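> Kindly return the folded structure for what I paste below:
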Amino acid sequence: MKALSENKKAALLSILLLLVGCTMWELSIPAQKAAGELTEYELLTGGGAPKAGVPPPSQVLVKAWEQLSNPFYDAGPNDKGIGIQIGYPSIKVLHGGMAAWEAAALPSTTQAQTPAPASFAVDPAAAGLMLTVDDMKAALDRPEVVILDVRDVDEWVATSSSPYGKDFCPRKGRIPGAKWIEWYRMMKPTAEGPMMKASEEVLAECATVGIASETPVYIYCFKGARASNTFLALKEAGVKDVRIYFGSWNEWSRDPSLPIEEGLPFAH
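Below is the predicted model of the structure:
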């Protein structure tokens with residue numbers, strides 16, 4: 001019986017190690033995906049030359065295939081943000097993603113589509129949507145700008161540095177003076193699955209941190225995904241000047257020369 005007990009302990013330890021290994025592997029996937037997206041982004045922003053797979057503006061539909069309930073639901077909003085930045089004139093996001101499409105009993109296919117190559121004129125002015133670290137440093141001295149942190153609560157209160165682990169980044173905290181609306185608050189449950197809130201509801205959330213339709217808003221999260229989701233909600237609600245700090249906390253926290261607020265935000 002004692003030997004059996006030892007065998008059980010060994011088996012449980014093996015299972016635990018397997019689970020830890022699988023968890024670490026899964027956590028590595030988003031970072032790899034982000035690097036892949038960056039490469040695609042660089043390809044897209046290379047100029048106005050024809051690119052395979054870019055359909056005419058009138059046919060564009062960026063489909064958010066991931067459900068809103070997924071913490072990394074960013075496919076549609078992220079693609080829209082990049083498209084706006086390079087001056088693409090007609091981009092839409094499927095409200096509710098694939099879950100809403102299926103709930104409406106609309107048709108789907110597994111057949112791959114082959115869009116016709118096309119070109120479009122790049123609008124250089126559109127690049128102002130994406131903020132650099134220098135833009136964010138300058139905003140620290142601009143009281144009219146609301147720096148909006150939309151990260152999860154554990155990141156906001158500085159108990160975790162990222163959604164990939166509490167010590168993924170070297171520092172925990174917030175950009176000084178930032179206001180906080182957790183990105184989930186821009187959505188609500190419906191019979192078809194989680195959906196973006198109505199414009200009036202989004203503006204009510206914004207009002208809690210002093211944001212009105214005329215307020216310049218600079219959004220950040222960890223690497224731009226959740227910020228893209230909030231960017232879409234605010235723009236649809238009528239907030240006119242909304243921009244994304246794409247480097248977000250992943251960049252800011254790794255530069256020790258940049259100021260941060262540490263500890264609990266309500267203790268300051």
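> and the closest residue to A103 other than its chain neighbours, how many neighbours does it have?
Once flanking residues are discounted, A103 sits nearest to E192: 4.2 Å by CB to CB, 6 or more residues apart in numbering. From N, CA and C alone the C-beta is placed, and that goes for glycine too. For E192, the neighbour count with other CB atoms under 10 Å is 15.
> In contact with E192, which residues?
Applying CB atoms under 8 Å, 6 or more residues apart in numbering to E192 gives the contacts G96, A99, A100, A103, A104.
> Please state the backbone phi and psi of it?
Main-chain dihedrals, E192, degrees, to the nearest 10: phi -90, psi 10.
> and if you look at A118?
phi -150, psi 170.
> swap in M98?
The phi/psi pair for M98 (degrees, to the nearest 10) reads phi -70, psi -30.
> on that earlier part again, which ones among the contacts of E192 are found in helices?
Judged by DSSP state H, helices contain the following of the contacts of E192: A99, A100, A103.
> Dump the residues you listed to CSV, plus pLDDT.
Written out in CSV, the entries for the ones in helices among the contacts of E192 read as follows (pLDDT from 0 to 100):
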residue, pLDDT
A99, 76
A100, 78
A103, 81
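> Can you select the buried ones among the residues you listed for me in ChimeraX?
Listed next is the ChimeraX selection for buried residues among the ones in helices among the contacts of E192, using 16 or more other CB atoms under 10 Å:
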select :99,100
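> and which of the ones in helices among the contacts of E192 is nearest to W249?
Ranked by distance to W249 (CB to CB), the ones in helices among the contacts of E192 are led by A99 at 28.6 Å.
> if I pick the residue lying closest to S161 once chain neighbours are set aside, what's in contact with it?
Computed as CB to CB, 6+ apart, the closest residue to S161 that is not its neighbour in sequence is C169, at 3.8 Å. By CB under 8 Å, 6+ apart, the contact set of C169 is S161, S162, W249, N250, S253, R254.
> Show me the helices in this protein, by range?
Going by DSSP H, the chain shows helices at 2-44, 75-85, 97-103, 133-139, 153-156, 199-207, 225-237, 248-252.
> for the last one, packing partners?
Of the remaining helices and strands, those touching helix 248-252 by 3 or more CB pairs under 8 Å, 6 or more residues apart in numbering; DSSP states H and E are helix 133-139, strand 217-220.
> With distance to T230 and mean neighbour count added, can I get these in a markdown table?
What follows is the helices and strands packed on helix 248-252, written out as a markdown table (distance: least, CB to CB, whole Å; neighbours: other CB atoms under 10 Å):
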| stretch | distance to T230 | mean neighbour count |
| --- | --- | --- |
| helix 133-139 | 16 | 15 |
| strand 217-220 | 5 | 25 |
